[in-house]
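J.: fold the following, please.
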Amino acid sequence: MLEKTEKIWMDGKLVPWDEAKVHVLTHSLHYGLALFEGIRCYQTEKGPAIFRLPEHVKRLKDSAHIFMIEIPYSEEEIEKAIIDTVRANGGRECYIRPLVYLGYGVMGISSKGCPVNLSIAVWPWGAYFGEDGMKHGIRAKTSSFIRGHVNSNMSRAKVTGSYVNSQLAKKESVSCGYEEALLLDTEGYVSEASGANVFIARNGALKTTPLTSILEGITRDTIIELARDLGIELKEERFTRDEVYISDEAFLTGTAAEVTPIRELDGRAIGTGNPGPIAKKIQDLFFSIVKGREKKYDHWLTYI
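T.: Next up is the predicted model:
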């Protein structure tokens, strides 16, 4: 369950949590077109710091551009609003959810004339798969649902409607006793998890799905840069689920998932069935960075 905080930013005003409401005829509620970001703020020795804030706000703007939605705030204004919202809620470690949605005033498929609204909420949120999943890895299942064709929706945009597909896959995997779903693309290659990107390791080298039909993950981009800095060979190329079965390691990356090892897929242990050395090395460096302990990567942190 969500842990309630004090204030939510709505169209320029900080309002009490319980008063952050929309009309039942809000356009996005009926037709599934809204844009969002997931961002994390971590506690460091120098106080709370938001990880890669400008990149997240840029992606929110890009998502809006793809869907021809004009957000009535600049990137700088959105960044300031996010910082103000974190501060208004005590400046603690938290998850941040900006949401651009089409509001009340128009009904029907066309959203022409709809007001464009922006809200920003923050709340405490620990490890997405729990501390045990973070430490020991999770079990995943290849879903019977696939990611849509690149021309059926816009995969580069973080749009709410796309997550109906994710929910179907997640519900299926959880009902079968797994923690996560692995989705394939329309040609049968590994796409992504329900809300995270996928990496595998074989013979000391990493591989991740190329940016052809997946969300351009900011944590994914972070891990690619870290792998190269660590001298780990990395390729962005397609791979099949049976290559995941015989990989030495596999892990998920995302703002919510952070860096979470996969210890099993479809009843088959990945490697030894435990998080491997590459995942562990990257996971340790990632958390050291977001906690402000790596000066080289301090430019990724916006201190509050």
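
J.: how about the strands in the stretch 1-150 of the chain?
T.: 7-10, 13-16, 34-36, 39-44, 47-51, 94-102, 116-123, 138-142 (DSSP state E, counting those that start in this stretch).

J.: next, the buried residues of the third one.
T.: By neighbour count, with 16 or more other C-beta atoms under 10 Å as the criterion, the buried positions of strand 34-36 are Ala34, Leu35, Phe36. No exception for glycine: its C-beta is placed from N, CA and C like everyone else's.

J.: repeat that for stretch 261-272.
T.: Pro261, Ile262, Arg263, Glu264, Leu265, Ile270, Gly271.

J.: what sits opposite the second one in the beta ladder?
T.: What it means is Ile262. Ile138 (DSSP bridges).

J.: list the contacts for it?
T.: Residues near Ile262 by C-beta atoms under 8 Å, 6 or more residues apart in numbering: Gly137, Ile138, Arg139, Ala140, Glu180, Val198, Val244, Ala250, Phe251, Leu252, Ile270.

J.: for the closest residue to Tyr189 other than its chain neighbours, grab the count of nearby residues.
T.: Distances taken as C-beta to C-beta, 6 or more residues apart in numbering place Arg238 nearest to Tyr189, at 4.3 Å, with adjacent residues excluded. For Arg238, the count of nearby residues is 17 (other C-beta atoms under 10 Å).

J.: just the one 3 residues further on next, same as before
T.: The burial metric for Arg241, expressed as a neighbour count using other C-beta under 10 Å, is 15.

J.: how close does it sit to Glu187?
T.: Here the criterion is C-beta to C-beta, to the nearest Å. By it, Arg241 lies 12 Å from Glu187.

J.: wait, Ile214 touches Gly195, no?
T.: No - counting by C-beta atoms under 8 Å, Gly195 is not a contact partner of Ile214; they are 11.5 Å apart.

J.: give me the common contacts of these two.
T.: In contact with both Ile214 and Gly195: no residue, using C-beta under 8 Å, 6+ apart.

J.: between the strands of the stretch 1-150 of the chain, which one is closest to Ile304.
T.: The closest of the strands of the stretch 1-150 of the chain to Ile304 is strand 47-51. By C-beta to C-beta, the value is 4.5 Å.

J.: buried residues in that closest one?
T.: Pro48, Ala49, Ile50, Phe51.

J.: give the contact list for Phe129.
T.: Taking C-beta under 8 Å, 6+ apart as the contact definition, Phe129 lies against Ile138, Glu179, Glu180, Ala257, Thr260.

J.: if we go to 7 Å?
T.: Residues in contact with Phe129 (C-beta atoms under 7 Å, 6 or more residues apart in numbering) are Ile138, Glu179, Ala257, Thr260.

J.: likewise Thr44?
T.: By C-beta under 7 Å, 6+ apart, the contact set of Thr44 is Lys291, Gly292.

J.: before we move on, what about Pro124?
T.: Glu3, Glu93, Cys94 are the contacts of Pro124 under C-beta under 7 Å, 6+ apart.

J.: quick one: Glu6 from Arg156, how far?
T.: 34 Å.

J.: of those two, which one has the most company?
T.: Remark: of Glu6 and Arg156, Arg156 carries more neighbours, 17 against 12, as counted by other C-beta under 10 Å.

J.: you'd agree that one is up against Gly217?
T.: No - contact criterion C-beta atoms under 7 Å: Arg156 and Gly217 do not qualify, at 10.9 Å.
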